[in-house]
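Provided below for reference: sequence and predicted model.
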Amino acid sequence: MSDAYLALEDGRVIEARGRAPGRTRGELVFTTAYTGYEESLTDPSYEEQVLTFSYPLIGNYGVREERFESDRVHPRAAIAHEFTEDVVEWLHEEDVPAIDHIDTRELVTSIREEGAMKCGIAVGDDVTPADAKAELEQCKGMSEHVDIGKRVTTVEHTTYGEGGDVDVALIDCGAKMSIVESLVERDATVHVLPYDTTSEDLAAVDPDLLFISNGPGDPANFEAAQELVEAHVGELPIAGICLGQQVVARALGGTTEKMDFGHRGVNQPVRDLDSGKVVMTTQNHGYTVGEPGDKLDVKQINVNDDTAEGLANEELDIITRQYHPEAHPGPHDSLGFFDDVLAMTDASQHVVADD
Ligand SMILES: NC(=O)CC[C@H](N)C(=O)O
């Protein structure tokens, strides 16, 4: 008998050691990041997912709030080969089930071979394999979480960096705090606005730049953000990170598709097609832009699988990234993205589209 079970969509039930109790379900994914567990666990893009760490020891440098990317833990459960007491205590307080003493190498291989899959987890003194299976049966696919934006967005307009040089409207589809900080550090005033902000709401802010944030789930479920991009393209410079890139692409006639197991880690190589330069990037996504549409050019690609990592339209003042240039966690290679984005707000550079 064990005190923790993980039921997988492929029919297996795996025994583990229970570290934080509870019963839950979600899409089982993995990250290869070897640092940054505080940032990953508080990244809103992990909402409705169960996060497996492929790095075997998680928690070796403690838990500090100043590293958090949001005010709570977002994955529904966490899995590692070994969690330290610090992390276990934190997940316990946050009511997030955690399991370890599990063969994560084998689990990650299964996800790579079979794709991200639904799972159910049951942790506690009296749990049985049937409890984990019952959770699995109730697990929805990612795209079925149509209201996912509501659970991760700000409720009201919040301003950071008052009195800055430019006003950025950041549509919060589940934004990481370090995106806000990266802009404020560069003297922007950041208006964090709800995911369902309308054009009328945006007019009240009168921003110099429209920025669509990262966020969880299927970009097709962020219709309001897509409509904002459609309404303001050519009139405002537009930027996007991760889900933001996907939303911008969809708004301009592009398509998005689900990947088999996604990209999650801090060493994803990306090639810039103009310069030929390769940078290491932080990533966390399960969807990707398929066709960019005829208004956007693919400017950067993933070295491993050629998927679109950066899109742009210089005349319309649009730049997006599939990866996370804010680098929390991860390498600082692409922090210059924020300078490029803010440079678009320079009126002398901004050409208004005439179609
Ligand atoms: N980090 C993100 O913004 C993730 C984007 C989207 N939810 C995906 O999984 O592809």
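Thanks, I have it. What you are looking at is a predicted structure, and each value in this text was computed from that prediction instead of being measured. Numbers count the residues shown, from 1 in each chain.

Tell me which stretches of the stretch 1-150 of the chain form helices.
Under the criterion DSSP state H, counting those that start in this stretch, the stretch 1-150 of the chain contains helices at 37-41, 85-93, 104-114, 129-137, 148-152.

Turn the ones you listed into a markdown table, columns for mean neighbour count.
No exception for glycine: its C-beta is placed from N, CA and C like everyone else's. Shown next, in a markdown table, are the helices of the stretch 1-150 of the chain (neighbours: other Cβ atoms under 10 Å):
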| stretch | mean neighbour count |
| --- | --- |
| helix 37-41 | 26 |
| helix 85-93 | 17 |
| helix 104-114 | 16 |
| helix 129-137 | 18 |
| helix 148-152 | 20 |
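
Any idea which of the ones you listed gets closest to the ligand?
helix 148-152 (8.5 Å; Cβ to the nearest ligand atom).

Show me what the following helix or strand past that closest one pairs with in its sheet, parallel or antiparallel.
Once the chain leaves helix 148-152, the next helix or strand it forms, by DSSP states H and E, is strand 158-160. Paired strands of strand 158-160, with direction, are strand 188-194 (antiparallel) (DSSP bridges).

what does the partner strand contact?
Identification of contacts with strand 188-194 by Cβ atoms under 8 Å, 6 or more residues apart in numbering yields 153-172, 175, 180, 183-184, 201-202, 205, 207, 209, 342.

what mean pLDDT does it have?
Throughout strand 188-194, pLDDT has a mean value of 98.

Buried ones in it, by neighbour count?
By 16 or more other Cβ atoms under 10 Å, the buried positions in strand 188-194 come out as 188-194.

Send me it as PDB with only the CA atoms.
The C-alpha trace of strand 188-194 is given here as PDB (Å, rounded to 0.1, in the frame of the first residue of the first chain):
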ATOM      1  CA  ALA A 188       7.400  52.400 -18.800                       C
ATOM      2  CA  THR A 189       4.200  52.800 -16.900                       C
ATOM      3  CA  VAL A 190       2.500  49.500 -17.100                       C
ATOM      4  CA  HIS A 191      -1.300  49.300 -16.900                       C
ATOM      5  CA  VAL A 192      -2.200  45.700 -16.100                       C
ATOM      6  CA  LEU A 193      -5.700  45.200 -17.500                       C
ATOM      7  CA  PRO A 194      -8.100  42.200 -17.300                       C
END
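
Show me what from the chain comes close to the ligand.
Contact residues (Cβ under 6 Å from any ligand atom) of the chain with the ligand: 45, 214-217, 242-243, 284-287.

For those residues, which ChimeraX command selects only the ones that are buried?
A single ChimeraX command selects the buried members of the residues of the chain next to the ligand (16+ other Cβ under 10 Å):
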select :45,214,215,216,217,242,243,284,285,286,287
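
out of the residues of the chain next to the ligand, which are inside strands?
Using DSSP state E, 284-287 are the members of these that sit in strands.

Would you reformat these as CSV and include pLDDT and distance to Lys258?
CSV is the format used below for those (pLDDT from 0 to 100; distance: Cβ to Cβ, whole Å):
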residue, pLDDT, distance to Lys258
Asn284, 98, 15
His285, 98, 10
Gly286, 98, 6
Tyr287, 98, 6
